[in-house]
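Colleague: only geometry, no sequence info:
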């Protein structure tokens, strides 16, 4: 196990180095002035330019420049945004929790809806309920996320007027930024309108969560179902049945534990798709997260922001990937042996 | 009396492909998916011949005509016209070529490059293969939309540039699945036997491995195709892919979004088409997977 963790750690370091090289090279690949792309300053006077060139080591070789870039990344100097002239790291610190919050709710929904439905669909694979679940799953898997979001907005926000169309919370409420997670911040804020604010935030969160959760839920259903059907064929299930355990006992003690193992791994594999979908969902619901910010950045030709966004989002996805893989190995003794 | 029979019955004497087709044709959902898929495919090829009007011709006397099923509609314009007087029906037909056809080209391109890289990775051993794996792990982690954003930032928006982005985003999946399939095949006894007969790497690859993995490749390709259609449409919708006049389904939705109250058809119809196209691909992919599983069981 220690050896395994060390190997994973080595891989992680390798991937991060490769990622930072990619992010560094973008400073040259993006159109425009390299110095501007790295600093985020748009009009640089001649004396400032020489000073910055020396500081960023743009006059020496690529390797020195890369090392200087790494030092800046670790010391927290990520440059400025072209659009807002604010330090990028500060902006990202405010935006990232919003995206994480949305993605976390969607993942939670996909667990609590997808896994039980997948199990139900696996109990009688040819039955009518199972067929309905499978049909819903394949429909949810095929629907384009932006169109689905528009349909729901049309129905629930514009047609019925039940839910708001955009934002995280009504503009009347002022919630101080502590953790960045809206619901946690409201609970921490301790104002007299706490309950109203909480309800308002929940109403704002409902539609984006449903839209974003659709894809991971259907993946969970399909995966849990296939995995359950596989496990149900194994001889240890037959042994357990022969020993006299009833269906529910076999399901809980033997089938579920083995069937849910590959599901853990699936979360890591689907996470990058989830982030892609979250970016689109944020654009449609004006959710102030990092995805909307990145897509705005491309309209504004905000190259430093795209560079920083690549670094942050990829780091997030890699970490989640690695974490789920380690968890999978931890829970599965068979994978540990290899 | 026990009698030795090489082939137990007529069923099993058929070719594997025929058996696969039989299992596939037994599933209604898969067959309807296949019919839709062929329809979209034909549409993508033939759409310039089928369009009743020029999809880009603006006609300022016929702005925002309602679809023909409403009272104000004209029968010559089945889905009405948009705010520039362009025929919606022709634009929908053309969209099949952009959204579906280009997704198909992207997947075929990614498949061919993936096959090359996957074979190189699968047949090599040791450090080379391990380094390759790690690079793949990195590539798998960058979300496809982020990759597209970076490529668009470097090259500028456009359908062709997003094609490269999506191809690059699909590539790691292909390489991964091909590499795993080859590694699995290399462990088989018949490969060892063939090698003992003096077969070279190239012969093992072309005579044994490729015929044995192409079905799995098809399933991977269908999954990639549904991702590619969704990505092209999403990028068109965000304005990063196909640009305004192009009749790409995602771009049409983005175009008609500000008219959603006046002409909801412009949003509803392209979305429904994207949904149907992706659904048909997924149904075919699922059907193939099921058929392969059933054939193995029999």
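Modeller: That came through, no problem. All values reported here derive from a predicted model rather than from experimental measurement.
Colleague: where does residue A:293 fall, secondary structure wise?
Modeller: Taking DSSP states H and E as the criterion, residue A:293 maps to helix A:290-299.
Colleague: chain center to that helix: distance?
Modeller: In terms of Cα atoms, centre = their mean, to the nearest Å, the centre of helix A:290-299 is found 16 Å from the chain centre.
Colleague: could you list the buried residues of the helix or strand following it?
Modeller: Counting by DSSP H and E, the element after helix A:290-299 in chain order, helix or strand, is helix A:303-331. Of the residues in helix A:303-331, A:303-314, A:316-318, A:320-322, A:324-326, A:328-329 count as buried by neighbour count, 16 or more other Cβ atoms under 10 Å in any protein chain shown. Every C-beta, even on glycine, is put in place using the N, C-alpha and C of the backbone.
Colleague: please name every helix or strand in contact with helix A:303-331.
Modeller: helix A:2-29, helix A:34-39, helix A:88-109, helix A:261-285, helix A:290-299, helix A:333-337, helix B:127-141, helix B:144-155 (3 or more Cβ pairs under 8 Å, 6 or more residues apart in numbering or on different chains; DSSP states H and E).
Colleague: dump the ones you listed to TSV, plus distance to residue A:190 and mean neighbour count.
Modeller: Shown next, in TSV, are these (distance: least, Cβ to Cβ, whole Å; neighbours: other Cβ atoms under 10 Å in any protein chain shown):
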stretch	distance to residue A:190	mean neighbour count
helix A:2-29	39	15
helix A:34-39	41	19
helix A:88-109	19	19
helix A:261-285	28	23
helix A:290-299	28	22
helix A:333-337	46	10
helix B:127-141	39	16
helix B:144-155	38	22
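Colleague: could I get those in JSON lines, plus columns for distance to residue A:234 and mean pLDDT?
Modeller: Listed next are the helices and strands packed on helix A:303-331 as JSON lines, based on distance: least, Cβ to Cβ, whole Å; pLDDT from 0 to 100:
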{"stretch": "helix A:2-29", "distance to residue A:234": "25", "mean pLDDT": "83"}
{"stretch": "helix A:34-39", "distance to residue A:234": "56", "mean pLDDT": "77"}
{"stretch": "helix A:88-109", "distance to residue A:234": "28", "mean pLDDT": "88"}
{"stretch": "helix A:261-285", "distance to residue A:234": "13", "mean pLDDT": "86"}
{"stretch": "helix A:290-299", "distance to residue A:234": "41", "mean pLDDT": "88"}
{"stretch": "helix A:333-337", "distance to residue A:234": "13", "mean pLDDT": "70"}
{"stretch": "helix B:127-141", "distance to residue A:234": "30", "mean pLDDT": "69"}
{"stretch": "helix B:144-155", "distance to residue A:234": "36", "mean pLDDT": "83"}
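Colleague: same for the helix holding residue A:293, what does it pack against?
Modeller: Using 3+ Cβ pairs under 8 Å, 6+ apart: helix A:290-299 touches helix A:88-109, helix A:261-285, helix A:303-331, helix B:144-155.
Colleague: of all these, which lies closest to residue B:194?
Modeller: helix A:261-285 (32.5 Å; Cβ to Cβ).
Colleague: of the helices and strands packed on helix A:303-331, which approaches residue B:192 most closely?
Modeller: Per Cβ to Cβ, nearest to residue B:192 of the helices and strands packed on helix A:303-331: helix B:127-141, 19.4 Å.
Colleague: and chain B, which residues reach chain A?
Modeller: B:134-135, B:137-138, B:140-146, B:149-150, B:152-154, B:226, B:230, B:233-234, B:237-240, B:250, B:253, B:257, B:260, B:264, B:267, B:271, B:274-275, B:278-279, B:281-283, B:286 (Cβ under 8 Å from any Cβ of the partner chain).
Colleague: average model confidence for the host helix or strand of residue B:193?
Modeller: Here residue B:193 sits within helix B:189-196, counting by DSSP H and E. Helix B:189-196 shows a mean pLDDT of 88.
Colleague: figure out how far the next helix or strand after it is from the centre of its chain.
Modeller: Using DSSP H and E, the helix or strand that directly follows helix B:189-196 along the chain is helix B:201-203. Distance of helix B:201-203 from the chain centroid (Cα atoms, centre = their mean) equals 30 Å.
Colleague: which residues touch helix B:201-203?
Modeller: Residues outside helix B:201-203 that contact it (Cβ atoms under 8 Å, 6 or more residues apart in numbering or on different chains) are B:123, B:194.
Colleague: before we move on, what about stretch A:271-280?
Modeller: Counting by Cβ under 8 Å, 6+ apart, residues outside stretch A:271-280 touching it are A:99, A:102-103, A:106-107, A:145-146, A:149, A:212, A:215-216, A:289-292, A:294-295, A:313, A:316-317, A:320-321, A:324, B:140-146, B:234, B:237-238.
Colleague: gap between that stretch and the chain center?
Modeller: The answer for stretch A:271-280 is 6 Å, by Cα atoms, centre = their mean.
Colleague: could you do stretch A:54-73 as well?
Modeller: That offset, for stretch A:54-73, works out to 31 Å (Cα atoms, centre = their mean).
Colleague: for it, list every residue counted as buried.
Modeller: A:56-58, A:65-66, A:68-69, A:72-73.
Colleague: is stretch A:23-34 up against chain B anywhere?
Modeller: Yes. Residues of stretch A:23-34 contacting chain B under Cβ under 8 Å from any Cβ: A:26, A:29-31.
Colleague: look up phi and psi at residue B:242.
Modeller: Backbone torsions for residue B:242, taken as degrees, to the nearest 10, come to phi -60, psi 130.
Colleague: er, residue A:232 I mean
Modeller: phi -60, psi -20.
Colleague: run a quick neighbour tally on it.
Modeller: Applying other Cβ atoms under 10 Å in any protein chain shown, we find 18 residues neighbouring residue A:232.
Colleague: repeat that for residue A:139.
Modeller: Around residue A:139 there are 15 residues (other Cβ under 10 Å).
Colleague: tell me the contacts of residue B:244?
Modeller: So residue B:244 contacts B:251, B:255 (Cβ under 8 Å, 6+ apart).
Colleague: doesn't it lie inside a helix?
Modeller: No. Residue B:244 is assigned coil when assessed by DSSP: H, G, I helix; E, B strand; the rest coil, not a helix.
Colleague: how about it, phi and psi?
Modeller: Residue torsions, per degrees, to the nearest 10, at residue B:244 are phi -40, psi -60.
Colleague: same question, residue B:87
Modeller: phi -70, psi 120.
Colleague: next, residue B:247: phi, psi?
Modeller: Torsion angles, degrees, to the nearest 10, at residue B:247: phi -90, psi 60.
Colleague: my guess is it meets residue B:94, correct?
Modeller: Yes. Contact criterion Cβ atoms under 8 Å: residue B:247 and residue B:94 qualify, at 4.0 Å.
Colleague: overlap of the contact sets of those two?
Modeller: residue B:55.
Colleague: quick one: buried residues of the helix holding residue B:193?
Modeller: Applying 16+ other Cβ under 10 Å to helix B:189-196 flags residue B:191 as buried.
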